[in-house]
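Student: quick one, structure for this:
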Amino acid sequence: MKAVWNNTVVAESDDTVLVEGNHYFPASSLKREYVDFSNHKTMCPWKGQALYYSLLVNGDLNTDAVWYYPDPKPEAAMVRDRLAFGNGVKVV
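Tutor: As a prediction, the model looks like this:
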C-alpha cells in the first residue's frame with residue numbers, strides 16, 4: 001500500500017492493518033522528511049486519544065493529515081505504532 005499526497009509517496013508498506021476503513025501503516029513507513037508539526041488531538045471512544053501530524057510536500061501544507069494513537073486502549077492494540085491518513089491523502 002502507498003499513501004500519496006501532492007503526487008508524492010509519503011508512506012509505503014505491505015504491512016497495513018485495516019480498521020474502520022482506514023489502512024494503518026507502520027509508523028516507520030512514514031517518510032519523515034514530509035512531516036510537519038500539528039498540535040491537533042481527538043478522542044475516539046474505543047481507541048483512545050489520537051495525535052496528528054501535518055504533511056509538507058513541495059511547499060504545500062496538508063494540516064492534520066496523519067493521525068496515530070501513541071497509547072491506544074487495549075481493544076485497539078492493533079493500531080499501536082501505526083498511523084493513518086486523511087485530508088485528501090490517497091491510499092492505493
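
Student: you'd agree E33 is in a helix?
Tutor: Yes: judged by DSSP: H, G, I helix; E, B strand; the rest coil, E33 forms part of a helix.

Student: and the pLDDT at the closest residue to D14 other than its chain neighbours?
Tutor: What sits nearest to D14 in space, not counting adjacent residues and going by C-beta to C-beta, 6 or more residues apart in numbering, is M1, at 7.1 Å. Using the backbone N, CA and C atoms, a C-beta is placed for each residue, glycine as well. For M1, the model assigns a pLDDT of 98.

Student: and M1, how far from D15?
Tutor: Here M1 is placed at a distance of 9 Å from D15 (C-beta to C-beta, to the nearest Å).

Student: give me the common contacts of those two.
Tutor: The contact sets of M1 and D15 overlap at F25 (C-beta atoms under 8 Å, 6 or more residues apart in numbering).

Student: looking at these two, which is more packed in?
Tutor: M1 (14 against 11; other C-beta atoms under 10 Å).

Student: what are the buried residues along stretch 3-18?
Tutor: For stretch 3-18, a neighbour-count test (16 or more other C-beta atoms under 10 Å) marks A3, V4, W5, N6, V10, A11, S13, T16 as buried.

Student: show residues contacting that stretch.
Tutor: Residues outside stretch 3-18 that contact it (C-beta under 8 Å, 6+ apart) are 1-2, 23-26, 29-31, 34, 55, 57-58, 60, 62, 65, 78-79, 82-83, 85, 88-92.

Student: that stretch: end-to-end distance?
Tutor: 14 Å (C-alpha to C-alpha, to the nearest Å).

Student: can you give the distance from it to the centre of its chain?
Tutor: Taking C-alpha atoms, centre = their mean, to the nearest Å, one finds stretch 3-18 lying 9 Å from the centre of the chain it belongs to.

Student: let's see stretch 20-37 as PDB, backbone CA atoms only.
Tutor: Presented in PDB, the C-alpha positions along stretch 20-37 are these (Å, rounded to 0.1, in the frame of the first residue of the first chain):
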ATOM      1  CA  GLU A  20     -12.800   1.300  10.300                       C
ATOM      2  CA  GLY A  21     -12.000   1.700   6.600                       C
ATOM      3  CA  ASN A  22      -8.500   3.200   7.200                       C
ATOM      4  CA  HIS A  23      -5.200   1.500   6.400                       C
ATOM      5  CA  TYR A  24      -2.900   1.900   9.400                       C
ATOM      6  CA  PHE A  25       0.700   1.900   8.200                       C
ATOM      7  CA  PRO A  26       3.700   1.100  10.400                       C
ATOM      8  CA  ALA A  27       5.000   4.300  11.900                       C
ATOM      9  CA  SER A  28       8.400   3.500  10.400                       C
ATOM     10  CA  SER A  29       7.000   3.700   6.900                       C
ATOM     11  CA  LEU A  30       6.200   7.400   7.100                       C
ATOM     12  CA  LYS A  31       8.800   9.500   5.200                       C
ATOM     13  CA  ARG A  32       9.700  11.900   7.900                       C
ATOM     14  CA  GLU A  33      11.100  14.500   5.500                       C
ATOM     15  CA  TYR A  34       7.400  15.300   4.700                       C
ATOM     16  CA  VAL A  35       6.200  15.500   8.400                       C
ATOM     17  CA  ASP A  36       5.300  18.900   9.900                       C
ATOM     18  CA  PHE A  37       4.100  19.800  13.400                       C
END
